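Chemist: heads up, no residue letters with this:
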């Protein structure tokens, strides 16, 4: 019995399972095949058959034996790299402990040489670039040799590159170089973005029919003109694009949707999909939209320092004359444009899901960055797309 999403996900990864004994590979494969789209009663029935050694379970045992004979154990290249690095890692710790910082720096470079390889080792390489930076920093402080300072800055930059833009590494690099960290504050929250998408994939399933059913349901919602259905679809579309989950409050003045990407940027929505397109966007719509950011910040849905952009979604493409003085910088997106955005997001998510079962989390993250960028729905593109048209750009009716 494997409990927990993270553990189950690891057992779904071929790169992990192919390195263990064929008997265990067969057990895991059988378990995965017989755990997809099952109800609780099905699991109870299977467990009773196992515990009671029913004839039906004997058939399962035969199935597992056949699977075992078809599997072979494959050497894990990642484990080989870790084994090569291990002696240098131990010597590094002792050198650092004894204050031999230049020796520790040289040993950290040997560790990094041993860890050269694919994306699976990127997080660990990031850790060792940081360790190398630490040794160089201490060597600089004790010797006052500026060459070690340059090495510190270089290794911190490499650590940030290998860690999907963890922002504190960039800030640390700017501190050591004694430069403004303004550039680091604009870094995209790629790690938070990916974790939200990955969480949605695990919830919908990287195998089985649940994924298609959920995607079809969201498409129906996002195409709906009925307010409650569309708002549900809007929330899920945000998650498909890497936004945090938002559950709309039933209180008056609550936003119809909220997409928050890490602490980088938030979009708050007033949706009027139930309106007919003949008239202009009204003053009442702008009054409601204008209050959403204040409500969201008061309810601590977004922090005070986080930029927030208000978006009106409507089938109407003109503005009522009475609403003109209240347009401010509110952004406009049509209902049809949101449907098009969903179509792109669905295609990318399906492509990412197809690559999930045979990849590690780090490789899946690289795929996500590429696939979303290919369709121009990565973080920066989504922001630019939402900002392309404001209400004040629309004709007045």
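Modeler: Nice, I can see it. Quick caveat: nothing in here was measured; it's all calculated off a predicted structure. Residues are numbered from 1 along each chain as shown.
Chemist: For the stretch 201-350 of the chain, just list every one of the strands.
Modeler: 257-261, 265-271, 308-314, 331-334 (DSSP state E, counting those that start in this stretch).
Chemist: May I see these arranged in JSON lines, with mean neighbour count and mean pLDDT as well?
Modeler: In short, each C-beta sits where N, CA and C put it, glycine included. What follows is the strands of the stretch 201-350 of the chain, written out as JSON lines (neighbours: other CB atoms under 10 Å; pLDDT from 0 to 100):
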{"stretch": "strand 257-261", "mean neighbour count": "24", "mean pLDDT": "93"}
{"stretch": "strand 265-271", "mean neighbour count": "24", "mean pLDDT": "93"}
{"stretch": "strand 308-314", "mean neighbour count": "22", "mean pLDDT": "93"}
{"stretch": "strand 331-334", "mean neighbour count": "20", "mean pLDDT": "93"}
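Chemist: I'd like those laid out as JSON lines, including distance to residue 38.
Modeler: Below are the strands of the stretch 201-350 of the chain laid out as JSON lines (distance: least, CB to CB, whole Å):
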{"stretch": "strand 257-261", "distance to residue 38": "34"}
{"stretch": "strand 265-271", "distance to residue 38": "37"}
{"stretch": "strand 308-314", "distance to residue 38": "39"}
{"stretch": "strand 331-334", "distance to residue 38": "40"}
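Chemist: Tell me which of these lies nearest to residue 101.
Modeler: Between residue 101 and the strands of the stretch 201-350 of the chain, the tightest spacing by CB to CB is seen for strand 257-261, at 39.6 Å.
Chemist: So what touches that closest one?
Modeler: By CB atoms under 8 Å, 6 or more residues apart in numbering, the residues outside strand 257-261 that reach it are 189, 192-193, 231, 234-235, 238, 241-244, 246, 248, 266-269, 271, 296, 301-302, 306, 379.
Chemist: before we move on, what about stretch 113-132?
Modeler: 15, 77-78, 81-82, 84-85, 88, 92, 105, 108-109, 111-112, 151, 155-156, 158-163, 166, 169, 360, 362-363, 366.
Chemist: How is this protein partitioned into domains?
Modeler: 20-70, 77-187, 192-393 (automatic domain parsing).
Chemist: Turn these into JSON lines, columns for distance to residue 1.
Modeler: What follows is these, written out as JSON lines (distance: least, CB to CB, whole Å):
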{"stretch": "domain 20-70", "distance to residue 1": "8"}
{"stretch": "domain 77-187", "distance to residue 1": "26"}
{"stretch": "domain 192-393", "distance to residue 1": "18"}
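Chemist: what about the ones you listed, which gets the closest to residue 6?
Modeler: Closest to residue 6 of the domains of the chain is domain 192-393 (CB to CB; 8.6 Å).
Chemist: can you pull out the helices in the stretch 51-200 of the chain?
Modeler: 55-70, 77-97, 101-114, 122-143, 146-161, 167-177, 182-185, 190-204 (DSSP state H, counting those that start in this stretch).
Chemist: Next, count neighbours for residue 8.
Modeler: Residues lying near residue 8 (other CB atoms under 10 Å) number 16.
Chemist: Over to the one 10 residues further on?
Modeler: As a burial measure, the neighbour count of residue 18 was computed by other CB under 10 Å and equals 16.
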